[in-house]
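Visitor: Sequence isn't available, so here's the structure alone:
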DNA sequence: CAAAAAAGCCAAAGCGCTTTGGAAGACTCT
DNA sequence: AGAGTCTTCCAAAGCGCTTTGGCTTTTTTG
């Protein structure tokens, strides 16, 4: 059932039917009702390919997926996706993932924009002065950044959590508990979120006249193994930290294992706080010692990004509004006063 | 730069240019070279929307993503995606995720087929007599199943690993080591993979005159917490198992925690084997006691599925070929002879 | 009541590609 | 040399929608 057939059986022109369906004003309300009715009755759905060709709109949102043998997709991605999907579903928005060489995403961005494959894109895990932002801005496609970049002379729309604030709070708590030597096991410090987190920790320490020693900060991709290695390195040095703030639950698994291997205990010998993105399959309260966390649901963020993307597409949202979500600090058994 | 302009500057018809570009035979090789050359020089790329409308082909593969508040996307998905992306990237294939109400995916399948949004789809986590298979078959869109269904009177193309064989081997090893009471901590037993795994364990036990007790098999979604609960339940009963086969590394984390909480040890009191899908962020060799696993890279499976999907789209693959990959059994420290 | 404005509808021209049905010219064959 | 066959190219007709520009008809206005 296409427009031609439908309009023919209504004895109307395609123009009128199209306009009636798309809510244009220059059509009699009575006629509109007839059209709407017939459309529904016959299950008419405009052919998206045709509509696309005519309008240039695709009804999809895009994401450029960095791939390559050495590239692992972040497991956070799937949770983010859950949220995105939750919202997108209710609006019949599809998501197109365009795999790209991790070292040359620009080509892919240009392609999807030139091809008008998607109406908007989102960008995740931004770095300071991230080239994708500049690119996407000049290409002029609506977008939202999940996270933040830094060092641009222009604003852009983003959704981020207050990483600095979260880690500031976590560190402040530890300092208040008497810890003097904190360590940070961070994610890849080329990404802004990691930089912000480090900044938060430093600020909290500085407020008490403390500092984050060179050898007390690790920056690694977030795997269990890296968490283990980092913890071993930290705990086996002379001025071993008495508290660790850790950027991910997965790394925290490794930290816990290292602590055990070294015959130490949490929170007796070491206090531990980690960031929790809220995975259904790994919960901080189920750690051997319930883990204190800075918590922020990445899934909710996904839903919100989808919502804003939809708003931008339909012109409801404009400008470069940045949105920063506060982060909960959830105290559980893994923190205690500094050992004497 | 569109076809019209290009053909005009070559003083050729759109027909000829189009044919030259698409490799049709009825064009002089000399002419074809000229065209190809000019196209490259001017960076001409056919407009996908237009091509789509004309051909009905989209150059994308689809996946219907079940969503909903109570629905969690499997973390395996992201690894599978990595593999899919690896292949898709080199062929400029995009992946479109269509979020659907988990309880009504049919509508979405019908939509994406009717709209010709994608050239092929893949289906994952199939169940016995999975309705999606029947649906997609009748809708007539090329597809591949990752995993297997059962109980259909028709064949279909799939890629699966030898779950039964893998768990058979694992169980056989344990039996050979003298274990009489095995337990299985399985994934959701409405899914075929879980059924096959249980079958494998049962077969191995039967071969030695043993059975898998009713109370020795758990079937749960694969979270750390469920692994813990299952293990506690198993180990605290009278006829506690001396060996456990577990369907996922994440659940195995919970098992290890439970064992520890109960003051037991691996492999002294309990032997443990788990299935490893090969995540970069959680490796069996890094468990407190290196974990024996049945190993199969889900990422490679993703790449292979993409490859076969591409082949089906271009007509290179036909029929209902099923492909079953063998699974490695990797023995590490977590298994030992049965306690006396 | 005539002129101007508004309302309601339509034919046709795109959007940019593929593909059908020829047609002209070059080649082969008897 | 004329008929038949390839080879190589083209004009034009879709694909199914949106949108422009215009044409009636009705309503408003001075």
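Guide: Now that the structure is in, tell me what you want to look at. None of the values given here were measured: they were computed from a predicted structure. Residues are numbered from 1 along each chain as shown, chains lettered A, B, ... in the order given.
Visitor: Point me to the residue of chain A nearest DNA strand D.
Guide: In chain A, the residue found nearest to DNA strand D is residue A:3; the distance is 2.8 Å by C-beta to the nearest atom of the strand. All C-beta atoms are positioned from the backbone trio N, CA, C, and that covers glycine.
Visitor: For the closest residue to residue A:221 other than its chain neighbours, which three-state class applies?
Guide: Nearest residue to residue A:221 in three dimensions, chain neighbours excluded: residue A:188, at 5.7 Å (C-beta to C-beta, 6 or more residues apart in numbering or on different chains). Look at residue A:188: counting by DSSP: H, G, I helix; E, B strand; the rest coil, its state is coil.
Visitor: any idea of the pLDDT on residue A:188?
Guide: According to the prediction, residue A:188 has pLDDT 96.
Visitor: do the same with residue A:340
Guide: With respect to pLDDT, residue A:340 has a value of 84.
Visitor: and it, what helix or strand is that in?
Guide: When elements are defined using DSSP states H and E, residue A:340 is found to belong to no helix and no strand.
Visitor: ditto for residue A:50
Guide: Assignment of secondary structure by DSSP H and E places residue A:50 within helix A:48-55.
Visitor: Direction included, what does the helix or strand following that helix pair up with?
Guide: For helix A:48-55, the succeeding helix or strand toward the C-terminus, using DSSP H and E, is strand A:60-67. In the sheet containing strand A:60-67, the strands it pairs with under DSSP bridges are strand A:94-101 (parallel), strand A:120-124 (parallel).
Visitor: what sits against the residue of the stretch 101-250 of chain A at minimum distance from chain B?
Guide: Chain B sits closest to residue A:223 of the stretch 101-250 of chain A, with a gap of 4.2 Å, by C-beta to the nearest C-beta. Contact partners of residue A:223, counting by C-beta atoms under 8 Å, 6 or more residues apart in numbering or on different chains, are A:250, A:251, A:254, B:280, B:281, B:282, B:283.
Visitor: What's the local residue count around the last one?
Guide: This points to residue B:283. Each residue near residue B:283 was counted by other C-beta atoms under 10 Å in any protein chain shown, and the total is 17.
Visitor: doesn't residue A:225 make contact with it?
Guide: Yes. Between residue B:283 and residue A:225 there is a contact under C-beta atoms under 8 Å: 6.2 Å.
Visitor: need the strands for the stretch 201-340 of chain A, in chain order.
Guide: Using DSSP state E, counting those that start in this stretch, the strands of the stretch 201-340 of chain A run over residues A:217-219, A:243-246, A:271-276, A:292-295, A:322-325, A:328-330.
Visitor: Let me have the ones you listed in CSV, extended by distance to DNA strand D, mean pLDDT and mean neighbour count.
Guide: As requested, these are exported to CSV (distance: least, C-beta to the nearest atom of the strand, whole Å; pLDDT from 0 to 100; neighbours: other C-beta atoms under 10 Å in any protein chain shown):
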stretch, distance to DNA strand D, mean pLDDT, mean neighbour count
strand A:217-219, 49, 97, 20
strand A:243-246, 52, 98, 30
strand A:271-276, 45, 98, 26
strand A:292-295, 44, 98, 25
strand A:322-325, 31, 97, 14
strand A:328-330, 45, 97, 15
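Visitor: of those, which approaches residue A:171 most closely?
Guide: Closest approach to residue A:171 among the strands of the stretch 201-340 of chain A is made by strand A:243-246 (6.0 Å; C-beta to C-beta).
Visitor: Can you spell out which helices and strands pack onto the closest one?
Guide: Counting by 3 or more C-beta pairs under 8 Å, 6 or more residues apart in numbering or on different chains; DSSP states H and E, the packing neighbours recorded for strand A:243-246 are helix A:163-176, strand A:182-186, helix A:224-235, helix A:249-261, strand A:271-276.
Visitor: Format the ones you listed as CSV; extra columns: distance to residue B:16.
Guide: Formatted as CSV, those follow (distance: least, C-beta to C-beta, whole Å):
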stretch, distance to residue B:16
helix A:163-176, 58
strand A:182-186, 59
helix A:224-235, 58
helix A:249-261, 57
strand A:271-276, 60
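Visitor: that older thread, got CSV for the strands paired with strand A:60-67, with mean neighbour count, distance to DNA strand D and mean pLDDT too?
Guide: Below are those laid out as CSV (neighbours: other C-beta atoms under 10 Å in any protein chain shown; distance: least, C-beta to the nearest atom of the strand, whole Å; pLDDT from 0 to 100):
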stretch, mean neighbour count, distance to DNA strand D, mean pLDDT
strand A:94-101, 24, 17, 96
strand A:120-124, 23, 18, 98
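Visitor: Contacts only, for the residue in the stretch 201-340 of chain A that DNA strand C sits nearest to.
Guide: Among all residues of the stretch 201-340 of chain A, residue A:313 sits closest to DNA strand C, at 20.0 Å; criterion: C-beta to the nearest atom of the strand. With contacts defined as C-beta under 8 Å, 6+ apart, the neighbours of residue A:313 are A:61, A:119, A:120, A:142.
Visitor: Break chain A down into its domains, please.
Guide: Per the record, chain A has its domains at A:3-46, A:60-161+A:300-325, A:163-297, by automatic domain parsing.
Visitor: right, and those domains - which one's nearest residue B:331?
Guide: Closest to residue B:331 of the domains of chain A, according to C-beta to C-beta: domain A:163-297, at 20.4 Å.
Visitor: The closest residue to residue A:48 other than its chain neighbours and residue B:52, how far apart?
Guide: Spatial nearest neighbour of residue A:48, chain neighbours left out: residue B:115 (4.9 Å); criterion: C-beta to C-beta, 6+ apart. Computed as C-beta to C-beta, to the nearest Å, the residue B:115 to residue B:52 distance reads 10 Å.
Visitor: Looking at the two, which has the bigger crowd around it?
Guide: Using other C-beta under 10 Å, the more surrounded residue of residue B:115 and residue B:52 is residue B:52, with 21 against 18.
Visitor: my guess is residue A:164 contacts residue A:193, does it?
Guide: No. No contact is recorded between residue A:164 and residue A:193 when judged using C-beta under 8 Å, the distance being 9.4 Å.
Visitor: Could you give the number of residues near the closest residue to residue A:203 other than its chain neighbours?
Guide: If the residues on either side of it in the chain are set aside, residue A:203 comes closest to residue A:168, at 5.4 Å by C-beta to C-beta, 6+ apart. Number of residues near residue A:168 (other C-beta under 10 Å) recorded here: 24.
Visitor: Residue A:168 against residue A:204, yeah?
Guide: Yes. Because the distance of 4.8 Å satisfies C-beta under 8 Å, residue A:168 is recorded as touching residue A:204.
Visitor: I'd like to check which residues are in contact with the nearest residue to residue A:190 once chain neighbours are set aside.
Guide: Residue nearest to residue A:190 in three dimensions, not counting chain neighbours: residue A:127, with 5.3 Å by C-beta to C-beta, 6+ apart. Contact analysis of residue A:127 by C-beta under 8 Å, 6+ apart lists A:149, A:190, A:191, A:192.
Visitor: Which of those sits closest to residue B:31?
Guide: Proximity to residue B:31 was ranked across the contacts of residue A:127 by C-beta to C-beta; first place goes to residue A:149, at 48.5 Å.
Visitor: Is that closest one in a helix, a strand, or coil?
Guide: With three-state DSSP as the basis, residue A:149 sits in coil.
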